[in-house]
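Visitor: sequence? don't have it. structure:
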């Protein structure tokens, strides 16, 4: 089971009734955070999933509304008792940006590991339970979309193992995917593992224009969290100028990619009542949901 | 008239129900801010006094809970239409800290002027309507107390001016405090200005141990905003270790300095119910008030 929480839904600046857009993903007791604006630690505190289990923070880009909360969050993570390393992932320049911000939060009790994704790169990484894939989006500066997959191990087939007389003492290692030589014979995981099992895929794209590359990247995602800076199609010129998306553009991407559900987020401060424009998106892609601060969902693996 | 607003009352980290300690002072359409933690711009937004009129931001020190909100606030000030310079005042290292933080908020539409106060310095500055005095406090790192005085001009005495046959065309300049040579004679402001008139004095001391130097510094302040990290006297050892104050220590300083009113603030996150300890302070200094987020007061000049 995977739990996700959209910690906030605002873009540009935090507002009294709207925290900045940020996503928390939890599985097997581990947490992954995408983006950390001013106030993200406050809405995380309200949520109550804790801070110590954060394995990784992914940054889309380095505009203040996506990263200004980092130094405060790092101190709070430090106070939570975490001592094992924290991985930060983001566009080129990550280390320099974080070194700038952490002049006010020095002497943390854990190590920070930096993974910088260059402009021409698209990477696939495994951090704890999270398979993280990145896509370069189209914003004023380098900006990354993230696809977080939580994969499942293939089931151990006891009957097969017994039938093939595989020594019991190596079952565990085969189950974990290792190949093992025992009693002079090579045993491979394929010999005892069942069918591939479908994992879960959660995608997160903000801030960007709706470039075509997003469609294969988010294809058939179980949940697609996508920016909808402007509700009305009348804002197209503004959306193009500031490299953001309309509700309708996010819906069109979702339809083309056949995702299961779309959550809109990263509303402009000028968009006071996003609900006025929900129908615009739903007319294109029915399973569209308006993101709300601390909206939570449990995603379950298919049996 | 001077308005003050205690924007938050928390110390260490912002909480869902408690913003970080910060003070906004308004007079003659100008604003002065002391400290800017994560979320300060949000509570300022709730308050509704605007952002454009900020002349000056004073920093006590560079722990994250006192400055992490700066890059976001600078962007919001920029969006408010401000184009005239903004003055930042703080302990040594200010420029370096701000340069670190503003890697995520570059290209502001206004100039930033830096005034760094060195460890051995105690200064008096006039920024717009605000006379700003500093005191070096006792915290783990260099930390400044601030005294903000809003002074009043002496009244122009029309009768005196006429009696002394002072040329009308120089009245304005004399009223503004200039000395003027006219018709071969030196005229000085003293010749036409009445008695000194009492201004207003607002003092702000956090984070610190209750050092003796605070007493003359805050003497007879109209309002003393002082940290009370811990309510119970049982926390004395902790207060000494982390260089903070107890409610009773803030009250003793206020009594000795004969301030008019004390507002306690900068509560520890562990201090869930400060009201349980108000009596401890009131028993020492009756005009003690428990600070609350966005608590506002109008201070009027004596007639």
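Guide: That came in fine, so what should we check first? These numbers were taken from a predicted model, which means no experiment stands behind them. Numbers count the residues shown, from 1 in each chain, chains lettered A, B, ... in the order given.
Visitor: what are the boundaries of the strands in the stretch 201-303 of chain A?
Guide: For the stretch 201-303 of chain A, the strands defined by DSSP state E, counting those that start in this stretch cover A:223-227, A:262-265, A:288-290, A:295-299.
Visitor: can you put these in a markdown table and add distance to chain B?
Guide: (C-beta placed from N, C-alpha, C; glycine too.) Formatted as a markdown table, the entries for the strands of the stretch 201-303 of chain A read as follows, by distance: least, CB to the nearest CB, whole Å:
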| stretch | distance to chain B |
| --- | --- |
| strand A:223-227 | 18 |
| strand A:262-265 | 18 |
| strand A:288-290 | 22 |
| strand A:295-299 | 16 |
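Visitor: let's have these in TSV, adding mean pLDDT and mean neighbour count.
Guide: Written out in TSV, the entries for the strands of the stretch 201-303 of chain A read as follows (pLDDT from 0 to 100; neighbours: other CB atoms under 10 Å in any protein chain shown):
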stretch	mean pLDDT	mean neighbour count
strand A:223-227	98	29
strand A:262-265	98	28
strand A:288-290	98	21
strand A:295-299	98	15
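Visitor: and stretch A:102-118, is it in reach of chain B?
Guide: Yes: looking at stretch A:102-118 against chain B by CB under 8 Å from any CB of the partner chain, the contacts come from A:102, A:103, A:104, A:105.
Visitor: turn the strands of the stretch 201-303 of chain A into TSV, columns for distance to residue A:191.
Guide: As requested, the strands of the stretch 201-303 of chain A are arranged in TSV below (distance: least, CB to CB, whole Å):
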stretch	distance to residue A:191
strand A:223-227	35
strand A:262-265	41
strand A:288-290	44
strand A:295-299	31
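Visitor: and of the ones you listed, who's closest to residue B:33?
Guide: Using CB to CB as the criterion, the shortest distance between residue B:33 and the strands of the stretch 201-303 of chain A is 30.2 Å, found for strand A:262-265.
Visitor: can you pull the residues of chain A lying near chain B?
Guide: Looking at chain B, the residues of chain A close enough under CB under 8 Å from any CB are A:13-16, A:37-39, A:41-43, A:45-46, A:62-65, A:67-69, A:71-72, A:75-76, A:79, A:96-97, A:99-105.
Visitor: filter those down to the buried ones, PyMOL style.
Guide: To isolate the buried subset of the residues of chain A next to chain B in PyMOL, counting by 16 or more other CB atoms under 10 Å in any protein chain shown, use the following:
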select buried, chain A and resi 13+14+15+37+38+39+41+42+43+45+62+63+64+65+67+68+69+71+72+75+76+97+100+101+102+103+104+105
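Visitor: closest approach to chain B from the stretch 201-303 of chain A, which residue is it?
Guide: residue A:269 (9.1 Å; CB to the nearest CB).
Visitor: residues contacting that residue?
Guide: Taking CB atoms under 8 Å, 6 or more residues apart in numbering or on different chains as the definition of contact, the neighbours of residue A:269 are A:10, A:11, A:12, A:13, A:15.
Visitor: and the helices in the stretch 101-250 of chain A?
Guide: Assigned helices in the stretch 101-250 of chain A, in chain order: A:158-163, A:171-175, A:214-218, A:236-242, A:247-257 (criterion: DSSP state H, counting those that start in this stretch).
Visitor: okay if I get the ones you listed as TSV plus mean neighbour count?
Guide: Putting the helices of the stretch 101-250 of chain A into TSV (neighbours: other CB atoms under 10 Å in any protein chain shown) gives the following:
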stretch	mean neighbour count
helix A:158-163	12
helix A:171-175	16
helix A:214-218	21
helix A:236-242	14
helix A:247-257	23
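Visitor: just to revisit the earlier point, nearest to residue B:157, of the residues of stretch A:102-118 next to chain B?
Guide: The nearest member of the residues of stretch A:102-118 next to chain B to residue B:157, counting by CB to CB, is residue A:104 at 51.4 Å.
Visitor: turn the contacts of residue A:269 into JSON lines, columns for secondary structure and pLDDT.
Guide: Formatted as JSON lines, the entries for the contacts of residue A:269 read as follows, by DSSP: H, G, I helix; E, B strand; the rest coil; pLDDT from 0 to 100:
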{"residue": "A:10", "secondary structure": "strand", "pLDDT": "98"}
{"residue": "A:11", "secondary structure": "coil", "pLDDT": "97"}
{"residue": "A:12", "secondary structure": "coil", "pLDDT": "96"}
{"residue": "A:13", "secondary structure": "coil", "pLDDT": "96"}
{"residue": "A:15", "secondary structure": "strand", "pLDDT": "97"}
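Visitor: farthest-apart pair in these, please.
Guide: Farthest pair in the contacts of residue A:269, by CB to CB: A:11 and A:15, 10.1 Å.
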